[in-house]
Each structure stands twice: as structure tokens, then as C-alpha cells.
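> Let's see this in three dimensions:
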Amino acid sequence: MTVFEELKRRGLIAQLTDEKEIEELVNNGKATFYIGFDPTADSLHVGHFMALCLMKRLQMAGNKPIALLGGGTGMIGDPSGKTDMRKMLTKETIQHNVECFKKQMSRFIDFSDGKAMVVNNADWLLDLNYVDVLREVGAHFSVNKMLTFECYKQRMERGLTFLEFNYMIMQSYDFYKLFTDYGCNMQFGGDDQWANMLGGTELIRKKLGKDAYAMTITLLLNSEGKKMGKTEKGAVWLDPEKTSPYDFFQYWRNVGDADVIKCLKMLTFVPIEEIEEMEKTMEGAQFNKAKELLAYELTKLVHGQEEADKALEAARALFSSNTSSENMPSTEIGADELVDGGMNILDLLVRCGLTPSKSEGRRLVTQNGIAVNDVKFTDPKGSVDLSQEVIIKKGKKVFHKVIVK
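Numbers count the residues shown, from 1 in each chain. Presented below is the predicted three-dimensional model:
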């Protein structure tokens, strides 16, 4: 089976400019391709995960990845998929985020011996002359055509700034620059980037008379059509300081039954034949086995086998009602934070990161969604005795240890 056939069987391919040429390039290891990452935070998150896995798959087939960090485009902000303008970041914040991204990417991509590259578009975008851009790049873009693209249409309703309107031109110029300087002949990205990617292939064709190619990968959506990678705490990060390996494991362990096979196909390196066999017999307890496999494989990819083993052990202990596992997520609370040896349940839930607010905590408590040491806690004004170690259970699957120091 060729790498292109595997991408198809895993459901990764959404749109492409020239299937025959792209298939030929990637199957023969002749693709020098790039995927862009705008450094809008100091960690990559689950939304970036599929792109990183795709880069790894293609590199394993002999192709050369270029990770393009958007030190320049990050100062503008991509309007795609957004109803409001993105927050403006300082140069210092963007540079810090770029360095964080580089470190995390090395877990997925082999950058040794010229097998892959990391480049920053700030190196060329920040030095561009505005009039030169208008003459050399802007002349090749039709405003009428740009406004027909979905990424602009949905922002037009709320107000599209001229700043954001330029994003497509900047991304297109990136592809042109990578094509001329590094021989980059292909761009990959999420399906919401299709219009921006076409802009790049068109700019190369109009300015150089040469062909470059683009392919989008399927967005990671759950069975309800919502983007995966969000919890009530916020994004699921790849940085263990922002999302612990255990919480990362639990996120994937708790995906819906309708989503587990799709996630195994799109995100893991479990052989596709094995996943397809699982799919034929998927029912009852088989769903839990598949979810455990998904969580373990992804945690191993991101955090290493040792952390994956710990998370698996902790999860199995919890599901067997043994809540004494040393790997359970925990929060240490100072004795000076207590009142008469305890803490209000709503304050405690927020303090442990189990709810983002007291109002959310109140909802959970009044709806019987919280237990303390296996006893339902139903009084939102009540105090939890913390004279000894306490285990808080949220819903059926989230456990958290509270330790007073």
C-alpha cells in the first residue's frame, strides 16, 4: 500500500489541486512540502496534532517537511474560522511562542541531517516594502474573487478589517517564497485553509509560470460537527505543564463511541488494516478497548511511553474503583487556605481546576455531578473537610486528589 492510498483509507484527504501529480510526488518521496503554524500561544494543541502526524507520515515515506512558523503572519491573524478579530500579539510574545513550537515539533519530526526544516516567515515578511508588495503581489489578486471565499464571507457580517484582509496575500507570498528559495512544491493544511492555499498556487503560476500543489486534510470534528480538542478547561495542549499527560490521556479515553474509530484512523500509527478489522466487530466493551488504545497511542506519541504507561495504569485503577493510584491528578493546598480545616466545595472545584467558575461548579453540585470520597456532595454552600486526603469525583470518569500541605 502506498502512502497516498493510506492517507485515503484513513480519511485524511479533503481537497487537492491535482490528485495524480500529488500522488506521484508523495509516493516517490519527491514532495518538499510545508505546513504553517501561527504562534498564537506558547504551546501547540490538539488542533495542530493532525498536521504534525501528517508531516511524520510523509517524512517516513521519504518526503521533506518544512515547518513554517508564522512570526510574520501571526502579527496579522488569520480570519479563517473566526467570527471576531484575533488578539494582537507583541513581537516578543510571538518570538517566545515560536521557540516553544520548535521544541515541541522535534518530538514528531526528524530535523537531523537536512531531513526537515523549520523556517520563520518573519524573516521575509517583516522586511517587505509596502509599495513593492502592492505592485509585485497585490496585482495578482482579485478583490471580487477573494470576497467570495468563505473565510472572508463569515467575517464580513461582523466587520472584516483591512489588516485581516491581507492575510491571504501574506500566506500566498509564503508559498511563493518557499517555492523559490527552498524548492517547496506542495502545501498541506486544514480544510479551512483551502482558499489561502489556492492563492499561493495561483501566485506561483502567475509570477513564475510553474506548478505547485496544495492538499487540505480533513478537520478533526466530532460526530456533532464540532472541532475536537476543547474541554471546559479550554484547549487540550501538547505541553504537559498546560495539560498533564493524565488529562491528555483521559480526553481521548472519553471520546464518543461514534468518534473513536475515526480518531484511530486519522491520528495514530496503528496499522490501518488492524483498525478496519476492529471496526467490523465494534460493539459494547469493544468501544472501551478501542478508546483505551487511542488514548495510549496518542499519549505515547506526545509524552513518551513512560507517561503513557503511567496514565494507563491510573485510568485502569480508577475504572476498577481503586482510587489510590499515585498517578491520579492532584492539587496541593496550603493549610493557610483553609477555614476551620475545610474549604467551600465551589472554591475547591475551581482551585483544583475541575470547573472554570463557581457557577459551573454550582450547576454540577446541584445536579449530583460531584462526589467527595465516593459520597455525593449536593450542597453548593457546603464545606469539604480536608483534615485528610480527599478524592473528588466529577461525573463518572474524572477523579482528582486533594492534599493539604
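> On the three-state scheme, Glu313 is what?
helix (DSSP: H, G, I helix; E, B strand; the rest coil).
> what pLDDT does it get?
Per-residue confidence (pLDDT) for Glu313: 87.
> Kindly report the same for the one 3 residues further on.
Note on Arg316: pLDDT of 78.
> Just the CA trace of the strand or helix carrying it, in CSV.
Per DSSP states H and E, Arg316 falls inside helix 305-319. Extracted as CSV, the C-alpha positions of helix 305-319 are listed here (Å, rounded to 0.1, in the frame of the first residue of the first chain):
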residue,chain,number,x,y,z
GLN,A,305,5.9,5.7,26.6
GLU,A,306,6.7,6.1,30.3
GLU,A,307,4.0,8.8,30.8
ALA,A,308,1.6,6.8,28.6
ASP,A,309,2.2,3.7,30.9
LYS,A,310,1.5,5.8,34.0
ALA,A,311,-1.7,7.3,32.6
LEU,A,312,-2.9,3.9,31.5
GLU,A,313,-2.2,2.4,34.9
ALA,A,314,-4.0,5.3,36.7
ALA,A,315,-7.0,5.1,34.3
ARG,A,316,-7.4,1.3,34.8
ALA,A,317,-7.1,1.7,38.6
LEU,A,318,-9.9,4.3,38.6
PHE,A,319,-12.2,2.3,36.3
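> Tell me the buried residues in that helix?
Glu307, Ala308, Lys310, Ala311, Leu312, Ala314, Ala315, Ala317, Leu318 (16 or more other CB atoms under 10 Å). Bear in mind the C-beta positions are built from the backbone N, C-alpha and C, glycine included.
> And this protein, what are its domain boundaries?
3-217, 230-319, 330-404 (automatic domain parsing).
> so how far is the longest one off the chain centroid?
What that stands for is domain 3-217. Relative to its parent chain, domain 3-217 has a centroid offset of 15 Å by CA atoms, centre = their mean, to the nearest Å.
> End to end on that domain, go ahead and measure it.
14 Å (CA to CA, to the nearest Å).
> circling back to that earlier point, packing partners of the helix holding Arg316?
helix 245-253, helix 285-303 (3 or more CB pairs under 8 Å, 6 or more residues apart in numbering; DSSP states H and E).
> between those helices, which one is nearest to Met1?
helix 285-303 (19.6 Å; CB to CB).
> Just want the angle from that closest one to helix 245-253.
Helix 285-303 and helix 245-253 are oriented at 140 degrees to each other (axes from the mean of the first three to the mean of the last three CA atoms, to 10 degrees).
> centre of the chain versus helix 285-303, how much separation?
The chain centroid and the centroid of helix 285-303 are separated by 17 Å, computed with CA atoms, centre = their mean.
> just to revisit the earlier point, between the helices and strands packed on helix 305-319, which one is closest to Val390.
helix 245-253 (17.8 Å).
> got the angle between the closest one and helix 305-319?
70 degrees.
> Quick one: distance of whichever helix or strand comes after helix 245-253 to the chain centre.
Remark: after helix 245-253, the chain's next helix or strand is helix 260-267, criterion DSSP H and E. In terms of CA atoms, centre = their mean, the centre of helix 260-267 is set 14 Å apart from its chain centre.
> quick one, helix 260-267 and helix 285-303 angle?
Going by the same axes, to 10 degrees, helix 260-267 makes 30 degrees with helix 285-303.
> What ranges does the stretch 151-300 of the chain have for its strands?
186-190, 213-217, 230-231, 234-235 (DSSP state E, counting those that start in this stretch).
> most packed of those?
Of the strands of the stretch 151-300 of the chain, the one with the most neighbours on average (mean count of other CB atoms under 10 Å) is strand 186-190, at a mean of 25.
> And for that strand, what's in contact with it?
22, 25-26, 31-36, 50-51, 54-55, 175, 196-197, 200-201, 212-217, 219 (CB atoms under 8 Å, 6 or more residues apart in numbering).
> what about Lys227, neighbour count?
By other CB atoms under 10 Å, the residues close to Lys227 number 14.
> In contact with it, which residues are there?
Lys227 neighbours (CB under 8 Å, 6+ apart): Gly47, Leu219, Leu220, Leu221.
> Okay, now the unreliable bits of the stretch 101-250 of the chain?
151-155, 157, 159, 163, 231-233 (pLDDT under 70).
> one more time with 80, if that's ok
Scanning the stretch 101-250 of the chain for pLDDT under 80 picks out the ranges 142-167, 223-224, 230-234.
> can you give me the helices in it?
Assigned by DSSP state H, counting those that start in this stretch, the helices in the stretch 101-250 of the chain fall at 122-125, 130-136, 143-146, 150-156, 162-165, 167-182, 194-208, 245-253.
> Figure out which of the ones you listed is closest to Glu92.
Of all those, helix 122-125 comes closest under CB to CB, at 12.2 Å.
> Can you name every helix or strand that the closest one contacts?
helix 167-182.
> 10 Å - rerun?
helix 91-105, helix 167-182 (3 or more CB pairs under 10 Å, 6 or more residues apart in numbering; DSSP states H and E).
> list the buried ones in that helix?
Here helix 122-125 shows Ala122, Leu125 as buried, counting by 16+ other CB under 10 Å.
> Tell me the residue in this protein that is farthest from the middle.
Relative to the centre of the chain, and counting by CA atoms, centre = their mean, the farthest-placed residue is Asp340 at 43.1 Å.
> what about the helix holding Arg316, distance to the chain center?
22 Å.
> still on that earlier bit, can I get the helices of the stretch 101-250 of the chain in TSV with distance to Ser112?
Below are the helices of the stretch 101-250 of the chain laid out as TSV (distance: least, CB to CB, whole Å):
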stretch	distance to Ser112
helix 122-125	22
helix 130-136	36
helix 143-146	40
helix 150-156	36
helix 162-165	38
helix 167-182	17
helix 194-208	28
helix 245-253	26
